[in-house]
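Fold the following and give me the result.
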Amino acid sequence: MIRYFAEHPTAANILMLVIIILGLIGLPKLQRDTFPVIPPTEIEIRTPYPGATPDEVEEAICFRIEDALDSIAELVEVRCDARENLAITTVQMHEQGNIDTFYNDIKSQIDLITGFPDKVEVSTVAKLERTAVVASIAITGKMSAVHLKAYANKVKQHLKFDPQIAQVKLLGFSEQDIIINIAAETLRRYNLSITDIIELLERQSFDLPSGIMETATQDFIVRLAEQRRTRQEFADLVIISSPAGGQVRLGDIAVITSQFKKQEDQILFNGQRAALLEISKTTSQDALQVKKVILQHLEREKRTAPQGISLEISQDVTSVIRDRLRILISNGIQGLFLVFLTMWLFFSFRYSFWVTMGLPVSFLGAIFAMQLLGYTLNMITLVALLVAIGLLMDDAIVLSENVATQLRKGKNKIDAVVTGVTQVAPGVFSSFLTTVIIIGPLAYMAGKMGAILSYLPVVLIVTLAVSLVEAFLILPSHLLHSSGQLVTTQRSTIHQWFDKKFTFLRDELFAPLAKKTIALPYLTLGIILGFVIIAYASLPSGLLKYRALPNLESNVIQARILLPQGTPFERTEEVVQQVVSALKTLDDEFSALQDKKQGKQKRLVKNIIVLFNTNKDAYESGAHLATISADLLPAEQRVGSIDS
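Sure thing, here's the model as predicted:
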């Protein structure tokens, strides 16, 4: 096979072009994401219980749901978060289970529960699929919270109209309640009571089905839709009417206002009340493309926004994807250049060019395979491609160097190429098998970490497999037709100078050292054993730390606050203000240090976001929780690390 492709350059070139074209076709289709898509293994059950305390929710809902789910197959764990007015139950499935069957079994069991109190509403059951947040838009302005929410809803609707934006969630506001205040003196004047007002509201504010009206041509669903939802609609309710036609409406005797149900559901962006639009994508969308669409909408909204309204991008996760892609591209270019330069110092320009071409060809073949498998360019697959760079170049250098050696021994070109490749083929293939044996077991790791890391060995092995095809079937033909200058004695001035220096280094430094090493075998083995012992001792001594994943520099730093339950919102605000003040002081110190070292006027902290009633570490909700998030300068632009 090696001889056939070496003697038939058309076959080798066609194979190379097929790999390149398939890779270029698959490249635009390959999505870019932060992490790989992980199949869902959890089901969430939300059961509303209006007016109930967390203790009542736990007693009336959580215990009953846990008992009902005991018989579910493939069940690993049931967690129930009892909150005011709501129970959130999370059910985890074995990784080997079928999520659709698991979902249907849980839904059936929930529907069979009959022991809930009368006020408990219907439970909603949903699969907990990972929603990939792309970025958030923070909207601030000098207006009331009600008007800010209304404007944010308007922007949200504009975004949702775009088919390239899958989901937009508005954060920073709770539901609004209609508050009706009637003075006691007014009630006595009209001979009314609170009970009378409540009964009147119930009779005149409702939304109920009323049956089906059948006609000769069509049936109509009849529904009484008189549900009041706004202050004006409540104000128009008739409270008292007289036979003469006089009417007293609710707005005549009451002060009707609206306010947010929970004061703690709010977000501060750089010290101002903000509405946060959290934009997510589906598993079939490209994160960078969605970010581009978001920026287009943002520019359009800025042009039409009322005076005093500010819209800013916050919590942009696509910056991580761009950084990883930049690292991959820069490392690939550097690797190609260094390999080409090294090969050129020993061989001809054309010979070196075809050796380095193995890297882009192998990458394009791997990209096509990734697109077929449904993989994305993410932090894990990019790491696999980065690791593959060094392995690919090692194999190409070994093959080309041995072919050059056979040519310099005086063999004809075809025999030199075939013999050179055949001799090192077992070693190259053994190196591939060694990598498979070492990296392959990562694909069988359990848990969420295993589900993420399983993509790394697949991408790495596919890339190396494509490189073997390129090295054994494509590269020999190119080496054959570019080896003419290797057997010539004419070398440029730069090559002659390099040959002279390399010969001196080889014959005068390394050769004598190698002879001494061979002459003193016990000393050599002792030195090697000493290094092995030192390396091994660094682990138990604590000199070499162990981590499951590397500690990467983040562009976001967070402080999560958890105060005792029952803490008033005002106290939480005080604690948050103390943390924000300390963060601003830290920003001043590090920004001054950065200006001194880099000579650039750049603030370390770009934005400060305060999310009340939020703490991912606590399975709770309430006024005693808060999260302070600071957007920092990118790691490559700032001085120092987060730990410092």
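
From the geometric centre of the protein, which residue sits farthest away?
Ala244 (68.2 Å; Cα atoms, centre = their mean).

How many residues are close by the closest residue to Pro48 other than its chain neighbours?
Residue nearest to Pro48 in three dimensions, not counting chain neighbours: Glu121, with 4.2 Å by Cβ to Cβ, 6 or more residues apart in numbering. To be clear about C-beta, it is placed using only N, CA and C from the backbone, and glycine gets the same treatment. Using other Cβ atoms under 10 Å, the number of residues around Glu121 comes to 13.

Mind jotting down where the helices sit in the stretch 301-450 of the chain?
Along the stretch 301-450 of the chain, counting by DSSP state H, counting those that start in this stretch, helices occupy 318-346, 349-356, 358-373, 379-408, 413-439, 447-453.

just those: most buried one?
With neighbours taken as mean count of other Cβ atoms under 10 Å, those reach their highest mean count in helix 358-373, at a mean of 22.

tell me what that one is packed against?
helix 9-29, helix 318-346, helix 379-408, helix 455-469 (3 or more Cβ pairs under 8 Å, 6 or more residues apart in numbering; DSSP states H and E).

I'd like the next helix or strand past the first one.
Spelled out, that is helix 9-29. Using DSSP states H and E, the helix or strand that directly follows helix 9-29 along the chain is strand 42-48.

Am I right that Asp265 sits in a strand?
No - under DSSP: H, G, I helix; E, B strand; the rest coil, Asp265 sits outside any strand and is assigned coil.

Check the secondary structure at the closest residue to it other than its chain neighbours for me.
Using Cβ to Cβ, 6+ apart and skipping the chain neighbours, the partner closest in space to Asp265 is Ser174 (3.8 Å). Put simply, Ser174 is coil when judged by three-state DSSP.

what's the answer for the one 5 residues further on, then?
For Ile179, the reduced secondary structure class is strand; criterion used: three-state DSSP.

start at 54 instead
Shifting the count to begin at 54 puts that one at Ile232.

Kindly provide the distance from Ile366 to Ile218.
Distance, Ile366 to Ile218, using Cβ to Cβ, to the nearest Å: 14 Å.

of those two, who's got more company?
Applying other Cβ under 10 Å to Ile366 and Ile218 shows that Ile218 carries more neighbours, namely 20 against 17.

So for that one, what's the nearest residue that isn't a sequence neighbour?
That would be Leu212: by Cβ to Cβ, 6+ apart, it lies 5.2 Å from Ile218.

that older thread, for Thr625, find the nearest of the helices of the stretch 354-503 of the chain.
helix 371-399 (30.3 Å; Cβ to Cβ).

Run the chain-centre distance for the closest one.
24 Å (Cα atoms, centre = their mean, to the nearest Å).

Equivalent analysis for stretch 570-581, please.
Worked out by Cα atoms, centre = their mean, stretch 570-581 lies 51 Å from the chain centre.

Gly76: what's it in contact with?
Contacts for Gly76 were tallied using Cβ atoms under 8 Å, 6 or more residues apart in numbering; they are Phe416, Leu417, Gly418, Ala419, Ile420, Phe421.

quick one: the fifth one from Met446, how far?
The one in question is Ile420. 18 Å.

go on, the fourth one?
Relative to Met446, Ala419 is positioned 15 Å away (criterion: Cβ to Cβ).

what are the ranges of the helices in the stretch 104-253 of the chain?
107-110, 116-121, 152-165, 198-213, 237-242, 247-257.

Dump the C-alpha coordinates for the last one into CSV.
In other words, helix 247-257. What follows is helix 247-257, C-alpha atoms only, in CSV (Å, rounded to 0.1, in the frame of the first residue of the first chain):
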residue,chain,number,x,y,z
ILE,A,247,-63.7,43.5,53.8
THR,A,248,-65.6,40.2,53.2
ASP,A,249,-68.0,42.0,50.9
ILE,A,250,-65.2,43.5,48.8
ILE,A,251,-63.5,40.1,48.5
GLU,A,252,-66.8,38.5,47.4
LEU,A,253,-67.4,41.2,44.8
LEU,A,254,-63.8,40.8,43.4
GLU,A,255,-64.3,37.0,43.1
ARG,A,256,-67.6,37.4,41.3
GLN,A,257,-66.4,40.0,38.9
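
now for that helix, which elements pack on it?
strand 291-294.

do that again at 10 Å, thanks
strand 229-234, helix 237-242, strand 291-294, helix 303-306 (3 or more Cβ pairs under 10 Å, 6 or more residues apart in numbering; DSSP states H and E).

Repeat that for the fifth one.
Helices and strands touching helix 237-242, by 3+ Cβ pairs under 10 Å, 6+ apart, are helix 247-257, helix 303-306.

Relative to Gln476, which of those helices is closest?
helix 247-257 (91.9 Å).

who are the neighbours in contact with Ile232?
Arg284, Ala307, Val308, Ile309, Thr310, Ser311, Gln312 (Cβ atoms under 10 Å, 6 or more residues apart in numbering).

among those residues, which two are most distant?
Ala307 and Gln312 (15.0 Å).

Compare those two (neighbour count), which wins?
Shown here are Ala307 and Gln312; by other Cβ under 10 Å, Ala307 has more neighbours (20 against 12).

And that one, its phi and psi?
phi -130, psi 150 (degrees, to the nearest 10).

so what's it up against?
Taking Cβ under 10 Å, 6+ apart as the test, what Ala307 contacts is Ile232, Ile233, Asn234, Ile235, Ala236, Thr239, Leu240, Ile250, Phe287, Ala288, Leu290, Ile292.

Please list only the buried members of those.
Neighbour-count burial (16 or more other Cβ atoms under 10 Å) applied to the contacts of Ala307 gives Ile233, Ile235, Leu240, Ile250, Phe287, Ala288, Leu290, Ile292.
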